[in-house]
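Visitor: below: sequence and its predicted model.
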Amino acid sequence: MNEDTGSAALQFSSTIIGVLLTGLLFTVPAVFLPKTSKTLFAKIELAFSRFAERRALALCVLFFAVVGIRLVLLPFLPVPVPGIHDEFSYLLMADTFAHGRLANPPHPMWMSFETFHVNWFPTYSSIYPPAQGFALALGQLLGHPWIGVLLSDSAMCVVILWMLQAWMPSRWAFLGATLVALKFGFSSYWMNSYWGGAVAAIGGALLLGALPRILRRGSTPADTSASTPKHALLLGLGIAILANSRPYEGLLLCLPAGGYFLWWLFQKSPPRAKPHLYIRNIIIPLAATLLAMTAFMSYYNWRVTGNPLLLPHTLNVRTYHTAPMFIWQHAKPPRQYNNAQFEDFYNDFEREEYHTTFIDFKSVSWLKVTRYTTTYSWMGILLIVSWLPFAFLDRRMRLLSLSFFLCVPGLFAVVWSNSHYVAPLTCLFFALIVQAIRHLRTVRIAGRPIGIALSWATMALLAFDIGGAVAHRSCDPIWWTCQGDVSRAAIQKKLENTAGRHLVIVRYGEDHNIHDEWVYNGAEIDGAKVLWARELAAEQNQKLFECFKDRQIWLVTPDTDNTYLEPYSPPESPPDP
């Protein structure tokens with residue numbers, strides 16, 4: 001047994017022991033003091049239920065609770081420092097929007113500024129859909145991009161609560177939203193980084209929250225005329241957010257939901273209902289929202305890529321990538337790039353990840369399972385996992401179960417994976433978890449409330465998990481997702497407080513970690529106080545220096561001393577062109 005395997009086995013054993021001890025802590029009183037335990041649980045849950053029944057109040061309290069608690073935790077989990085390629089790309093998008101533009105003109109010295117997940121032609125812009133960028137831009141206008149993360153993550157908890165209220169009684173809906181808040185509001189990279197999750201989850205919750213309200217309230221002509229137009233608009237808004245945050249995963253979720261909606265509309269609508277009410281109050285608002293979404297996306301694509309039908313991400317894939325995006329695709333021939341870091345990333349790292357073999361498929365699939373379960377589950381799930389099949393088979397969860405089983409194959413069809421990729425399904429996951437808890441609570445042995453005690457143990461384990469993570473200053477169980485390079489941020493801050501304008505040349509070593517990229521800039525190239533550029537061949541460097549001759553030119557070497565800043569001097573041996 002190697003060291004990693006032994007460590008994993010020890011961690012798993014510790015987890016099992018912790019779950020068993022917590023389960024015993026709650027079940028022993030239920031066994032030996034059943035009446036006292038039942039009475040105590042009932043009193044607490046009654047107060048909880050009365051609060052949850054006040055739905056508008058519950059929504060407001062949840063939002064401000066997440067915001068307030070996260071701000072209180074700033075000494076333990078400070079404002080995150082970006083470090084991942086994707087984060088800087090999203091921040092570029094936010095800065096662009098905050099400047100009142102959808103894209104920026106390409107710069108003559110683009111080759112020196114070229115970096116990952118950024119397009120340079122026909123415009124200088126992020127490759128990602130715009131929804132997350134709008135959230136970060138809002139935060140930037142309010143003082144800092146992370147404010148947008150804080151607000152969107154808190155709003156996600158509220159919208160998921162609203163969604164769950166359409167599927168189950170208020171107290172269970174509030175329980176589910178509380179679980180979401182604990183899991184994603186504090187020690188999660190969705191809150192502690194800039195590469196998203198919450199915005200796409202809002203889209204999924206709007207979709208699955210509006211749809212059952214339309215189906216239920218549209219069952220009679222009176223209800224159709226009174227309440228469904230706003231829900232049709234919210235349904236369309238959810239689809240629009242999905243299309244502009246996680247378009248592929250959003251499409252996977254929209255297909256079963258859309259099919260179910262059309263089946264209801266044409267097969268299950270009451271025969272006495274007047275067709276014009278459905279057209280006026282459901283079809284027209286939904287169609288108008290989707291038409292506005294299509295118009296915006298076409299305009300955005302046109303402004304960014306020059307083609308209304310060409311997504312920025314697709315353009316970037318065509319320009320840079322040779323590795324397969326889906327498991328059935330094969331790699332394209334290697335390409336020649338303008339710098340060694342791109343060569344290492346696109347021709348080595350990406351192409352080595354997957355080779356269209358069954359062994360590689362198992363490897364990337366297991367990676368997905370590991371990341372998804374790490375993000376969405378906790379130790380207490382072990383106490384309810386046996387009851388998940390009952391949740392899937394529950395007639396009330398029919399659409400959610402169908403959506404789950406239809407979406408999962410699509411999630412495993414792509415090569416790359418991160419937990420926020422499945423963010424549109426977040427509300428679906430937690431709805432099924434809460435439903436499994438409800439089934440667990442029906443378990444009684446000799447009249448003793450064993451199931452209720454275990455449900456409390458499940459929630460206590462999550463609270464312990466999050467509390468321990470915060471105490472250990474853990475921004476996420478997958479630590480690398482939110483560990484930004486403070487050295488680059490420190491140099492940036494130092495130069496911003498230094499008189500004049502500055503150009504920082506980044507010189508990488510031969511063994512450079514391609515995931516530790518320093519060359520990123522905002523929307524304003526010429527007007528920025530501090531610019532970061534890649535050291536290239538002497539000819540290109542000279543053109544860059546002439547273009548920015550009014551700036552003080554500095555050198556940083558992240559692979560030898562990532563905190564030292566010195567005046568630029570050419571290398572003893574020129575870098576490869």
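Guide: Looks like it arrived, so ask away.

Visitor: roughly how far apart are the spatially most central residue of the chain and G204?
Guide: In the chain, the centroid-proximal residue (CA atoms, centre = their mean) is G197; its distance is 1.6 Å. G197 is 11 Å from G204, where distance means CB to CB, to the nearest Å. Every residue, glycine included, has its C-beta placed from N, CA and C.

Visitor: joint contacts of the two?
Guide: A423, T426 (CB atoms under 8 Å, 6 or more residues apart in numbering).

Visitor: ok so, going back, correct me if wrong: the residue nearest to the centre of the chain contacts P424.
Guide: No: look at G197 against P424 with CB atoms under 8 Å: they stay out of range, at 9.9 Å.

Visitor: leaving out chain neighbours, which residue sits closest to H512?
Guide: The spatially closest residue to H512, leaving aside those adjacent along the chain, is D559, at 5.2 Å (CB to CB, 6 or more residues apart in numbering).

Visitor: how about the secondary structure of the one you found?
Guide: Using DSSP: H, G, I helix; E, B strand; the rest coil, the secondary structure recorded for D559 is coil.

Visitor: likewise the one 5 residues further on?
Guide: Each residue gets one of three states, and Y564 gets strand by three-state DSSP.

Visitor: mind listing what it touches?
Guide: V556, T557.

Visitor: can you pull the pLDDT of it?
Guide: Note on Y564: pLDDT of 84.

Visitor: now do the one 3 residues further on
Guide: Note for P567: predicted pLDDT of 95.

Visitor: kindly report the same for P145.
Guide: On the pLDDT scale, P145 gets 98.

Visitor: list the contacts for A523?
Guide: A523 sits next to L92, D95, T96, A98, H99, R101, N104, Y124 when contact means CB under 8 Å, 6+ apart.

Visitor: now with 7 Å?
Guide: Shown in contact with A523 (CB atoms under 7 Å, 6 or more residues apart in numbering): L92, D95, T96, H99, R101, N104.

Visitor: and the buried ones among those, selectable in PyMOL?
Guide: To isolate the buried members of the contacts of A523 in PyMOL, using 16 or more other CB atoms under 10 Å:
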select buried, resi 92+95+96+104
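
Visitor: nearest to N513, of the contacts of A523?
Guide: Distance ranking of the contacts of A523 against N513, using CB to CB, places L92 first at 21.4 Å.

Visitor: distance check, the closest one against L503.
Guide: 18 Å.

Visitor: quick one: the helices in the stretch 251-400 of the chain?
Guide: Taking DSSP state H, counting those that start in this stretch as the test, the helices found in the stretch 251-400 of the chain are 275-278, 284-305, 312-320, 340-342, 350-353, 358-376, 381-384, 388-393, 398-411.

Visitor: flag every buried residue along the helix or strand encompassing R171.
Guide: Assessed by DSSP states H and E, R171 sits inside helix 170-184. For helix 170-184, burial by neighbour count (16+ other CB under 10 Å) applies to 170-184.

Visitor: who does the helix or strand following that helix touch, helix- and strand-wise?
Guide: Using DSSP H and E, the helix or strand that follows helix 170-184 in sequence is helix 198-217. When contacts are defined as 3 or more CB pairs under 7 Å, 6 or more residues apart in numbering; DSSP states H and E, helix 198-217 packs onto helix 131-142, helix 145-165, helix 221-243, helix 247-263, helix 426-440.

Visitor: by mean pLDDT, show me the worst of these.
Guide: Mean pLDDT across those is lowest at helix 221-243; the value there is a mean of 82.

Visitor: so where is the stretch 201-350 of the chain shaky, pLDDT-wise?
Guide: Residue ranges of the stretch 201-350 of the chain with pLDDT under 70: 217-227, 268-274.

Visitor: rerun that using 80 as the cut-off
Guide: Low-confidence segments of the stretch 201-350 of the chain (pLDDT under 80): 217-228, 267-277.

Visitor: helix or strand for L555, which one?
Guide: Assignment of secondary structure by DSSP H and E places L555 within strand 552-557.

Visitor: flag every buried residue along that strand.
Guide: For strand 552-557, burial by neighbour count (16+ other CB under 10 Å) applies to I553, W554, L555, V556, T557.

Visitor: same check, this time on stretch 558-575
Guide: Of all the residues in stretch 558-575, those buried under the rule 16+ other CB under 10 Å are P558, N562, L565, Y568, P575.

Visitor: repeat that for stretch 76-90.
Guide: For stretch 76-90, a neighbour-count test (16+ other CB under 10 Å) marks L77, P80, V81, P82, G83, I84, H85, D86, E87, F88, S89, Y90 as buried.

Visitor: mean confidence score for that stretch?
Guide: In this model, stretch 76-90 has a mean pLDDT of 97.

Visitor: dump that stretch to CSV, restricted to CA.
Guide: C-alpha atoms of stretch 76-90 as CSV (Å, rounded to 0.1, in the frame of the first residue of the first chain):
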residue,chain,number,x,y,z
PHE,A,76,-10.9,33.2,8.8
LEU,A,77,-11.7,33.3,5.0
PRO,A,78,-10.6,36.7,3.6
VAL,A,79,-11.6,38.1,0.3
PRO,A,80,-10.3,35.6,-2.3
VAL,A,81,-7.2,36.3,-4.4
PRO,A,82,-7.7,35.0,-8.0
GLY,A,83,-5.2,32.3,-9.2
ILE,A,84,-6.9,30.0,-11.8
HIS,A,85,-6.9,30.9,-15.5
ASP,A,86,-10.7,30.9,-15.6
GLU,A,87,-10.9,33.4,-12.7
PHE,A,88,-8.8,36.0,-14.5
SER,A,89,-10.8,35.6,-17.7
TYR,A,90,-14.1,36.2,-15.8
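
Visitor: list of residues touching it?
Guide: Counting by CB under 7 Å, 6+ apart, 91, 116-118, 126-128, 132-133, 136, 144, 146, 192-196, 470, 473, 475, 482-486, 489, 517, 520 sit against stretch 76-90.

Visitor: buried ones among the residues you listed?
Guide: 91, 116-118, 126-128, 132-133, 136, 146, 192-196, 470, 475, 482-485, 517, 520.

Visitor: so L503 lies in a strand, does it not?
Guide: Yes: with three-state DSSP as the criterion, L503 is part of a strand.

Visitor: shouldn't it be in contact with R551?
Guide: Yes: if you go by CB atoms under 7 Å, L503 and R551 touch, sitting 4.4 Å apart.

Visitor: okay, the two: which has more neighbours?
Guide: Neighbour count, other CB atoms under 10 Å: between L503 and R551, L503 has more, with 22 against 17.

Visitor: mind listing what that one touches?
Guide: L531, A533, F548, R551, I553.

Visitor: with adjacent residues omitted, what lies nearest to the third one?
Guide: Using CB to CB, 6+ apart and skipping residues adjacent in sequence, the residue nearest F548 is L503, 5.0 Å away.

Visitor: thank you, goodbye.
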